[in-house]
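Chemist: Turn this into a model:
(chains A and B)
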2 protein chains.
Amino acid sequence: MEKIVLGLSFLGAIIALSFAGIMAKKVLGFSEGTDTMKKIASFIKQGANAYLTRQYKVVAIFFACMFVILFILSQFDLLNKFIPFAFITGGLYSALAGFFGMKIATNANSRTANACRESLNKGLNVAFSAGSVMGFTVVGLGLLDVSIWYALLRFLFNCNISETATTIVMFGMGASSMALFARVGGGVFTKAADVGADIVGKVEAGIPEDDPRNPAVIADNVGDNVGDVAGMGADLYESYFGSIVSACALGVAAFNDPKAMGVPLLLAVLGIFASLIGSFFVRTGEKFDQKLLLKALSKGTTVGSIIVAIGAFPIVWYVLGKENISLYIAVLAGLVAGVLIGQATEYFTSDTYKPTKKLAGSSETGSATLIISGMSLGMLSTALPIVIIAICIMVAYFTGGGDTATGLYGIGLAAVGMLSTLGITLATDAYGPVADNAGGIAQMAELDEVVRERTDALDSLGNTTAATGKGFAIGSAALTALALMASYVDSVGKVAPDFTFDMSLMNPPVLVGLLIGGCLPFVFAALTMESVGRAAQSVVKEVRRQFREIKGIITGEAQADYASCVDLCTKASLHEMVLPTIIAVVVPVITGLILGPNGVVGLLAGATVTGFLVAILMSNAGGAWDNAKKYIESGFGGGKGSENHKAAVVGDTVGDPFKDTSGPAINILIKLLSTISIVFATLVANYHLF
Amino acid sequence: MEKIVLGLSFLGAIIALSFAGIMAKKVLGFSEGTDTMKKIASFIKQGANAYLTRQYKVVAIFFACMFVILFILSQFDLLNKFIPFAFITGGLYSALAGFFGMKIATNANSRTANACRESLNKGLNVAFSAGSVMGFTVVGLGLLDVSIWYALLRFLFNCNISETATTIVMFGMGASSMALFARVGGGVFTKAADVGADIVGKVEAGIPEDDPRNPAVIADNVGDNVGDVAGMGADLYESYFGSIVSACALGVAAFNDPKAMGVPLLLAVLGIFASLIGSFFVRTGEKFDQKLLLKALSKGTTVGSIIVAIGAFPIVWYVLGKENISLYIAVLAGLVAGVLIGQATEYFTSDTYKPTKKLAGSSETGSATLIISGMSLGMLSTALPIVIIAICIMVAYFTGGGDTATGLYGIGLAAVGMLSTLGITLATDAYGPVADNAGGIAQMAELDEVVRERTDALDSLGNTTAATGKGFAIGSAALTALALMASYVDSVGKVAPDFTFDMSLMNPPVLVGLLIGGCLPFVFAALTMESVGRAAQSVVKEVRRQFREIKGIITGEAQADYASCVDLCTKASLHEMVLPTIIAVVVPVITGLILGPNGVVGLLAGATVTGFLVAILMSNAGGAWDNAKKYIESGFGGGKGSENHKAAVVGDTVGDPFKDTSGPAINILIKLLSTISIVFATLVANYHLF
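Modeler: Okay, here's the model as predicted:
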């Protein structure tokens, strides 16, 4: 059976990648539009490429250093000898996922704008196809990476199944490190450019958004691609990969049989087919109806989810046998929890529901009350996802019938279930920035009003799918982090059989670890917010300088120097992404060397709990502020230019780094902490103070 | 020895209360000043009394209901039979602490203002004496309550020492419930009045702060008394009491000997003497030098701390014997940690240091960047206290020589050590609102400029002592909560000997409990912030109505209707304090009935970790915003009326509910959750789903 599973995995990966290729070709087949559009698009492309090239150079240095450290440790038998190499491939695949996503996104934006000149449906088609490229590239590469290493370890290096499983789970570290770089770097870039462009352009100079006279406008558009696309691609690659490998490791710990790896792998394959079928259901009419458009997209994800829900049953039955069919419930629990968390997120952040409407109303008494209400909305919105995840954990665990190892496997399978339809959910998510950029190009190229209306309709929908996508990302991150935590305990048991765990909350190292871990997301959020602030300040200064020194920008007689803003954002964001990543790598190791493996488990649990909470708080508060502003712009409480609107702009600006930089980065942080801990388990288990 | 300890405890309590009485008489001996001052002061007194009377009525209903529930449970042997009665006394003493503090504060404000007409030193003397009344009342009542019950249980009801210790620790529930009511109710009152007065008065009508024409000005001053004084008194009463009883319980669990209760009690007595001596060192010259004034106050706390540090050694030696002298280190660790956390708080919130200066600088680009920087300052500022507490826990635990029970006793003693000097630290803290009110009266009574300058100097110092006081309150809350959590585990072991704990982080109920507990402070902060928002809105409407309907307020020809604003705030805050309290009482019980004692331990740990973090974040961000505004008002970046100042006012308004309502309430929440869990331990241990 093992070879059949492996064969199917390769097949699934190849189908996903081929479909991504077909979609890419389809997108590239559309026309880029007028010369102006081409020119603007090429500016964005150049900027994004320049950023990624330089980012990869910085990352390469980090990876080289880590490779040397890991290699030395492996020579002293403090590390599995495959890790240094796997670390590199994980990073490489994660980077590739981001790279392809960004490539297609920067090529699709002008094409989407041009398609919108014809019809809304055609615009949706181009943008969604571009999103699909990203979605299927991520899942295809993820499954491919697992399958290749699985095949190598088992059939070339002749590892037994237990070695294979524990080795593969360590490969997440490369992907997580890369993802963190991409998320933090891209997140700082996009928000620095956005805030900088807004503060000087919109507020000080009084020119509209996406105006070609604004020197930071191209940087802003580049930011959408390097942050929201490339960053997200690397991020979700890591989640997807992490959920599969941790479920494999937990399964092998429970059953000590290759079949336990079969379920996550086959679920991934099933998810690819389900996403593929679902993606054919996405189409819309010509009506500018937010609800119809949303329905068009959600039909795709719904179809995908239903197929997985049905198809998972025979998979579990066939692979694990009738006696373990209860684990099917775990898969289902994850799938349902993912959908519910997405809906909870939508409820708290969409202006069709009460919370965001009430938030918009609080602008009546100024920006201070709006900020207070937004913070409190964000904090309150953590309760529902917590309850959903809590129920999901209990259900998934007890499908194991009371056996701890099987129960933990259940939690791992829930994470895989939640992420199985990633191909299609990510497609609907990644489509957003493409539509956003298309709108920018339509504005800058001064296309017809109706084109802008169509791109706006697509973009506004993208905000909703982005919110649900974020809910999904956070939920899966929490489950995956718990599964990885369990894998950590399992790993320590293998590499240091003499070590006896005392993970009781009454054990001081556990408690202290909990406190330190709990603090990490706070520190991390603080550092990344500060980074955005610093980088934005430098953009503000540069834009002000250009307006002052280059005469004729405002009248349109002189061309703004876009490249210098892109360059500034690039430098600043690359500079800012280093410290947070180093903290994430160093703290768990040092904590481990002092407090030992018990302290590490405490740290992971603490970081997962507060990370989950802070990430939801930041995403939802940010999303709600953004939509409250849009709601006011649509006419509520005085519309654009009113005092209410000014207050809402303050909320939106505060929310920007919340939802697009700090919040998403925390998702990666909590998993990176786990994989780092797993990789350094041998070192920590053998050398620790307490 | 037991009777000697008990005798000394009674003696300490009586000396503290007597000293409070002497100080009160001294304060009342000063003149209240002019007739206008008397009139204003009487408005404030009336408002505060009216609020407290009505608050106590609402609280009485809650206590009556709880008494019935507890009484019924005790009849079914699901509860110790003393609890229903002890619940009442705990609440009563906590309420008394708040009541006396408020009484003296409302009587001291005009006297302080009047004393400032003579000299700065005399003003400090009156205000600090009033603070001392509060400080010594709290510690006196706390020690008295413990001593009385100790005596009753041991010598009237003939309980053995183990029963005595576990019973006494449950008495915290009454004090905690009362404290939560006082903190939330008072916190909502004070901030609703403050925000309401500011928004309409300062911003819309353009009249200065503390202007008698503002209808909400008296409510604002009343708020300082019912929130910052009565609320804080009840709060710290509960911390002090909680730390002593949990240390007693843990000590008896470790040694099963009355001597273990001797150490916390004698430390409390020692702390009272140390505070008494320290308070004689507080005096200042006539120079308006912030640093000199601060030195005057901190001399008192330093002397107090040194005396405890020295005196604790013979106490531990004498009571526990030479073989346990290492536990002295635990006391010292707590004492030092308290001072260090206070200093860390000061560093992050005082405008003499970099973080707040930098924050003030971020107003340069508007309120949005100021909010982002403040949030990030608050989040970053959690790291240092976490490390301090972590080291304190490890040190305290390992003074137990590796024995778990003794180690936990060490943690309990650290909490007692931290709070032992509460008499003097609370005096310096409670002095702040008195000085603040004195300033208000000076303004309203149109006293000389120099008087206002003197009260301002005293008030501004109060902000710093309030910040350090908050750091202390949070640090001690975390340690006490951990000690109570250990007491919970101990209690369950006694009431349900058949139950086997599995508090491992790999046990799903523990993890789920951790998630739910972690979420509670977020929900709690959200609810209390919303409450302030709602209540403030109603004040805004009322003030607008008065300006509109009562002609001649602005010109000074007609008198504003102060009472209606006080009444509004009273109603609103009493209404708002109910839901959060009910949540705090109900959630741990329901969680326990579903997840069992393991889940409860998870919940307590989760709430303690995120509660500690969120409380620090909110206090420090709020304090820093407040001081950044003051720093700008002192001339930096354009001074009052500049764009920077406007941005800083937004930050300050956001920070108000952060630092004075939600943040402090969380301190109480985390301890209330523990004591509730301890009281319902028998019920939960016998009936739970998982």
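Chemist: Report the secondary structure state of residue A:553.
Modeler: Here residue A:553 is coil, with the state taken from DSSP: H, G, I helix; E, B strand; the rest coil.
Chemist: Let me know the distance separating residue A:266 from residue A:238.
Modeler: 21 Å (Cβ to Cβ, to the nearest Å). In this view, the C-beta of every residue, glycine as well, is placed from N, C-alpha and C.
Chemist: leaving aside the residues next to it on the chain, what's closest to the closest residue to chain B within the stretch 151-300 of chain A?
Modeler: Closest to chain B within the stretch 151-300 of chain A is residue A:199: 6.2 Å, counting by Cβ to the nearest Cβ. Of all residues not flanking residue A:199 in the chain, residue A:540 sits nearest, at 5.4 Å (Cβ to Cβ, 6 or more residues apart in numbering or on different chains).
Chemist: Counting by contacts, list what the helix or strand hosting the one you found packs against.
Modeler: Using DSSP states H and E, residue A:540 maps to helix A:508-549. Judged by 3 or more Cβ pairs under 8 Å, 6 or more residues apart in numbering or on different chains; DSSP states H and E, the packing partners of helix A:508-549 are helix A:172-197, helix A:562-576, helix A:578-633, helix A:643-657, helix A:663-679, helix B:367-380, helix B:383-398, helix B:578-633.
Chemist: Burial-wise, tell me which of the ones you listed comes out on top.
Modeler: Of all the helices and strands packed on helix A:508-549, helix A:172-197 has the most neighbours on average by mean count of other Cβ atoms under 10 Å in any protein chain shown, namely a mean of 32.
Chemist: Residue A:266 and residue A:238: which is more packed in?
Modeler: Between residue A:266 and residue A:238, residue A:238 has the larger neighbour count (other Cβ atoms under 10 Å in any protein chain shown), namely 35 against 23.
Chemist: From residue B:70, how far out is that one?
Modeler: For residue A:238, the distance to residue B:70 equals 51 Å [Cβ to Cβ].
Chemist: Between helix A:172-197 and the helix holding residue A:540, find me the angle.
Modeler: In terms of direction (axes from the mean of the first three to the mean of the last three Cα atoms, to 10 degrees), helix A:508-549 departs from helix A:172-197 by 40 degrees.
Chemist: if you average pLDDT over helix A:508-549, what comes out?
Modeler: Taken as a whole, helix A:508-549 has an average pLDDT of 92.
Chemist: same thing with stretch A:343-358?
Modeler: Stretch A:343-358 comes out at a mean pLDDT of 90.
Chemist: Start and end of that stretch, how far apart?
Modeler: End-to-end distance for stretch A:343-358, by Cα to Cα, to the nearest Å: 18 Å.
Chemist: Stretch A:219-235 now?
Modeler: 22 Å.
Chemist: I figured the residue nearest to residue A:199 hits residue A:196, correct?
Modeler: Yes: with contact defined as Cβ atoms under 8 Å, residue A:540 reaches residue A:196; the gap is 5.0 Å.
Chemist: anything in contact with each of these two?
Modeler: Between them, residue A:540 and residue A:196 share no contacting residue under Cβ atoms under 8 Å, 6 or more residues apart in numbering or on different chains.
Chemist: before we move on, the earlier item: how about the helices and strands packed on helix A:508-549, which one is nearest residue A:530?
Modeler: Evaluated over the helices and strands packed on helix A:508-549, closeness to residue A:530 peaks at helix B:367-380, with 5.0 Å, by Cβ to Cβ.
Chemist: Compute the inter-axis angle for the closest one and helix A:508-549.
Modeler: Using the same axes, to 10 degrees, the inter-axis angle of helix B:367-380 relative to helix A:508-549 is 160 degrees.
Chemist: I'd like to know which elements helix B:367-380 is packed against.
Modeler: Packing contacts for helix B:367-380, counted by 3+ Cβ pairs under 8 Å, 6+ apart, involve helix A:508-549, helix A:643-657, helix B:354-361, helix B:578-633, helix B:643-657.
Chemist: For residue A:261, the count of nearby residues, please.
Modeler: 29.
Chemist: Apart from its neighbours in sequence, what residue is nearest it?
Modeler: Once flanking residues are discounted, residue A:261 sits nearest to residue A:248: 4.3 Å by Cβ to Cβ, 6+ apart.
Chemist: Could you give me the buried positions within the helix or strand hosting residue A:122?
Modeler: For residue A:122, the element it lies in under DSSP H and E is helix A:120-151. For helix A:120-151, the buried set under the neighbour-count rule, 16 or more other Cβ atoms under 10 Å in any protein chain shown, comprises A:120, A:122-151.
Chemist: Please identify which residue in the stretch 501-650 of chain A comes closest to chain B.
Modeler: residue A:526 (3.7 Å).
Chemist: still on that earlier bit, got the angle for the helix holding residue A:122 vs helix A:172-197?
Modeler: Using the same axes, to 10 degrees: helix A:120-151 against helix A:172-197 is 150 degrees.
Chemist: Could I get the buried residue list for the following helix or strand past helix A:120-151?
Modeler: Next along the chain after helix A:120-151, taking DSSP H and E as the criterion, comes helix A:161-170. Using 16+ other Cβ under 10 Å as the test for burial, helix A:161-170 gives A:161, A:163-170.
Chemist: need these in JSON lines with pLDDT, can you?
Modeler: As requested, the buried residues of helix A:161-170 are exported to JSON lines (pLDDT from 0 to 100):
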{"residue": "A:161", "pLDDT": "91"}
{"residue": "A:163", "pLDDT": "87"}
{"residue": "A:164", "pLDDT": "90"}
{"residue": "A:165", "pLDDT": "89"}
{"residue": "A:166", "pLDDT": "85"}
{"residue": "A:167", "pLDDT": "86"}
{"residue": "A:168", "pLDDT": "88"}
{"residue": "A:169", "pLDDT": "86"}
{"residue": "A:170", "pLDDT": "83"}
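Chemist: Now for those residues: which two are most distant?
Modeler: Across the buried residues of helix A:161-170 (Cβ to Cβ), the longest gap, 15.5 Å, separates A:161 and A:170.
Chemist: What sits closest to residue A:423 if chain neighbours are left out?
Modeler: Per Cβ to Cβ, 6+ apart, closest to residue A:423 is residue A:275, 3.0 Å.
Chemist: now for the one helix or strand the one you found maps to, which elements pack on it?
Modeler: Using DSSP H and E, residue A:275 sits in helix A:259-279. For helix A:259-279, the packing partners by 3+ Cβ pairs under 8 Å, 6+ apart come out as helix A:2-29, helix A:120-151, helix A:161-170, helix A:232-255, helix A:290-320, helix A:404-419, helix A:422-444.
Chemist: ok, residue A:264 to residue B:8 distance?
Modeler: Shown here: residue A:264 relative to residue B:8, a distance of 66 Å by Cβ to Cβ.
Chemist: Surely residue A:638 touches residue A:644?
Modeler: Yes: Residue A:638 is in contact with residue A:644 according to Cβ under 8 Å; the separation is 5.0 Å.
Chemist: anything in contact with each of these two?
Modeler: Common neighbours of residue A:638 and residue A:644 (criterion: Cβ under 8 Å, 6+ apart): residue A:632.
Chemist: and the residue nearest to residue A:261, what does it touch?
Modeler: Residue A:248 sits next to A:146, A:165, A:168-169, A:260-261, A:264-265, A:412 when contact means Cβ under 8 Å, 6+ apart.
Chemist: hmm, 7 Å instead?
Modeler: Residues near residue A:248 by Cβ atoms under 7 Å, 6 or more residues apart in numbering or on different chains: A:165, A:168, A:261, A:264.
Chemist: Excluding chain neighbours, what is closest to the second one?
Modeler: Right, the one you point to is residue A:168. For residue A:168, ignoring the flanking residues on the chain, the nearest one in space by Cβ to Cβ, 6+ apart is residue A:245 at 4.8 Å.
Chemist: which bits of the stretch 501-650 of chain A sit near chain B?
Modeler: A:503-506, A:508, A:510-512, A:514-516, A:518-519, A:522-523, A:525-526, A:529-530, A:533, A:537, A:540, A:601-602, A:605-606, A:609-610, A:613, A:617, A:650 (Cβ under 7 Å from any Cβ of the partner chain).
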